[in-house]
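K.L.:
Next input, structure requested:
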Amino acid sequence: MAESPITLRAQDYATWYQDVVVEGDLAEPAEIVKGCMVIKANGYAVWELLQHELDTRFKATGHQNVYFPLLIPQGFLRREAEHVEGFSPELAVVTIAGGKELEEPYVIRPTSETIIGHFFSKWIQSWRDLPMLVNQWANVVRWELRTRLFLRTTEFLWQEGHTAHATHEEAFEEVLRMLGVYAEVAEDVMAMPVVRGMKTQAEKFAGALHSYSIEAMMQNGLALQAATSHDLGQNFGKAFDVRFQNHAGQLEYVWQTSWGASTRLIGGLVMTHSDDKGLVLPPKLAPLKAVVVPIYRKDQERGEVLEAAHRIAADVGARVDDREGQTAGAKFFYWERRGVPVVLELGPRDLASGSMVLKRRDTGTKHSVPQAEARRAVAAALE
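P.N.:
Modelled structure (predicted):
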């Protein structure tokens with residue numbers, strides 16, 4: 001047999017991870033752009049499913065999606081001292097635009113607290129304007145020296161929620177509420193157990209009072225920070241003069257939160273479930289949930305097998321791998337490396353017996369199921 005393109009976990013965990021991502025057709029290093037990656041169709045489809053799960057929950061808790069500029073005046077970051085100090089090493093700065101040197105350079109957003117603080121100061125005047133609950137789906141840039149696909153790249157995709165409240169108690173409730181949303185998606189959708197807790201002061205977000213995170217334990221025994229929720233206190237409110245008139249007619253600074261999760265979640269997904277054969281995806285996040293592999297050796301078997309394969313695939317919502325010039329074995333390995341949860345095998349003998357073989361990607365177990373019960377069998381396996 002040909003040597004596997006995937007390094008064994010026990011041999012080199014970091015290389016195994018990289019191999020699984022590349023062989024699973026999730027992403028590849030951009031190379032021509034330092035520290036960046038190309039998210040391929042299979043990987044982006046996983047991200048879209050995660051986006052949907054998160055976005056649905058954000059909207060159910062009263063948040064609205066908005067979009068702010070990619071470029072932030074450099075002076076904005078200087079207004080909150082701890083914030084600029086924390087992000088200074090990672091900043092990418094634009095100094096020339098349209099062939100002319102800019103009077104004030106722009107920073108490509110590493111995060112958006114500052115520019116959103118500026119607009120909150122314009123939008124918030126009274127207690128009637130609170131709470132203000134917004135979320136942004138965007139890309140950010142943080143100049144990284146050591147990068148790894150999905151886990152840490154110079155540019156990555158994420159969402160960042162930003163809220164303003166009249167009291168610290170209400171803001172703190174928001175911090176924990178959104179941490180709970182992240183934990184729910186991690187555990188119920190990603191099947192990735194997490195621990196919720198407060199970060200140390202040394203590890204907290206620059207400019208926050210406190211930071212909370214969900215941490216997931218990976219197969220190599222290391223914890224992965226999977227999402228964060230920050231209690232910003234009044235730090236950014238004071239830096240950007242975000243004040244509101246309270247019920248007594250007095251001016252107060254708002255209490256703010258921010259919270260985010262990124263494409264790092266896909267890295268966590270890979271390291272939680274995958275094995276030495278390649279990618280393993282939980283069904284709720286698998287872009288393709290089932291594949292039918294038709295097996296035949298003679299031309300006279302081909303038409304009958306393919307007809308049955310397409311009929312069953314249409315019934316169960318699967319794809320038929322009817323590529324010519326590929327052996328059945330090669331097709332099995334192909335879908336195994338891409339993490340498809342269920343593969344159905346169908347050959348002449350199966351047609352004669354009215355059955356087919358169902359194989360699970362996670363356990364590797366195979367069993368025969370009646371073709372007439374294919375839909376129920378696939379649904380039960382996915383569940």
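K.L.:
so residue 173 is in which element?
P.N.:
helix 168-184 (DSSP states H and E).
K.L.:
Please name every helix or strand in contact with that helix.
P.N.:
Judged by 3 or more C-beta pairs under 8 Å, 6 or more residues apart in numbering; DSSP states H and E, helix 168-184 is in contact with helix 41-60, strand 155-165, strand 194-198, strand 210-217, strand 223-233, strand 255-262. Every residue, glycine included, has its C-beta placed from N, CA and C.
K.L.:
rerun at 6 Å
P.N.:
If you count contacts as 3 or more C-beta pairs under 6 Å, 6 or more residues apart in numbering; DSSP states H and E, helix 168-184 packs onto strand 194-198, strand 210-217, strand 223-233, strand 255-262.
K.L.:
Tell me which residues of it come out buried.
P.N.:
By neighbour count on 16 or more other C-beta atoms under 10 Å, the buried set for helix 168-184 is 171-172, 174-175, 178-179, 181-183.
K.L.:
Can you tell me how far the residue nearest to residue 288 when sequence neighbours are not counted is from residue 277?
P.N.:
Nearest residue to residue 288, sequence neighbours excluded (C-beta to C-beta, 6 or more residues apart in numbering): residue 340, at 5.4 Å. For residue 340, the distance to residue 277 (C-beta to C-beta, to the nearest Å) stands at 12 Å.
K.L.:
Contacts for the helix or strand of the chain with the lowest mean pLDDT, please.
P.N.:
Here the helix or strand of the chain ranked lowest by mean pLDDT, DSSP states H and E is helix 81-87, holding a mean of 76. With contacts defined as C-beta atoms under 6 Å, 6 or more residues apart in numbering, helix 81-87 is touched by 77-78, 110, 206-207.
K.L.:
What is the burial count for the nearest residue to residue 280 once chain neighbours are set aside?
P.N.:
Once flanking residues are discounted, residue 280 sits nearest to residue 273: 4.1 Å by C-beta to C-beta, 6+ apart. Using other C-beta atoms under 10 Å, residue 273 has 20 other residues around it.
K.L.:
Residue 273 against residue 283, yeah?
P.N.:
No. Counting by C-beta atoms under 6 Å, no contact exists between residue 273 and residue 283, whose distance comes to 11.0 Å.
K.L.:
Over to residue 330. Which of the three states is it?
P.N.:
Here residue 330 is helix, with the state taken from DSSP: H, G, I helix; E, B strand; the rest coil.
K.L.:
do residue 116 as well
P.N.:
Under three-state DSSP, residue 116 comes out as helix.
K.L.:
roughly how far apart are the residue lying farthest from the centre of the chain and residue 308?
P.N.:
Distance from the centre of the chain peaks at residue 300, with 46.1 Å (C-alpha atoms, centre = their mean). Remark: distance between residue 300 and residue 308 (C-beta to C-beta) = 14 Å.
K.L.:
where's residue 352, which helix or strand?
P.N.:
Using DSSP H and E, residue 352 sits within helix 348-353.
K.L.:
Show the average pLDDT along the helix or strand following that helix.
P.N.:
Remark: after helix 348-353, the chain's next helix or strand is strand 355-360, criterion DSSP H and E. Strand 355-360 shows a mean pLDDT of 97.
K.L.:
go on, stretch 185-202?
P.N.:
The pLDDT scores in stretch 185-202 average 97.
K.L.:
ok, back up a step: so what's the residue farthest from the centre of the chain up against?
P.N.:
No contacts exist for residue 300 under C-beta under 6 Å, 6+ apart.
K.L.:
where does this structure have low pLDDT?
P.N.:
Scanning the chain for pLDDT under 70 picks out 1-2.
K.L.:
Would you mind giving the domain segments of it?
P.N.:
Listed domain ranges for the chain are 13-273, 290-382 (source: the TED database).
K.L.:
give me phi/psi at residue 345?
P.N.:
Backbone geometry at residue 345, expressed as degrees, to the nearest 10, gives phi -100, psi 130.
K.L.:
Please read the previous query as pertaining to residue 68.
P.N.:
Dihedral angles (degrees, to the nearest 10) for residue 68: phi -110, psi 160.
K.L.:
That one contacts residue 112, doesn't it?
P.N.:
Yes. Between residue 68 and residue 112 there is a contact at 5.4 Å, judged by C-beta under 6 Å.
K.L.:
which one of those two has more residues nearby?
P.N.:
Set residue 68 next to residue 112 and count neighbours by other C-beta under 10 Å: residue 112 wins out with 23 against 17.
K.L.:
got the contact list for that one?
P.N.:
68, 160.
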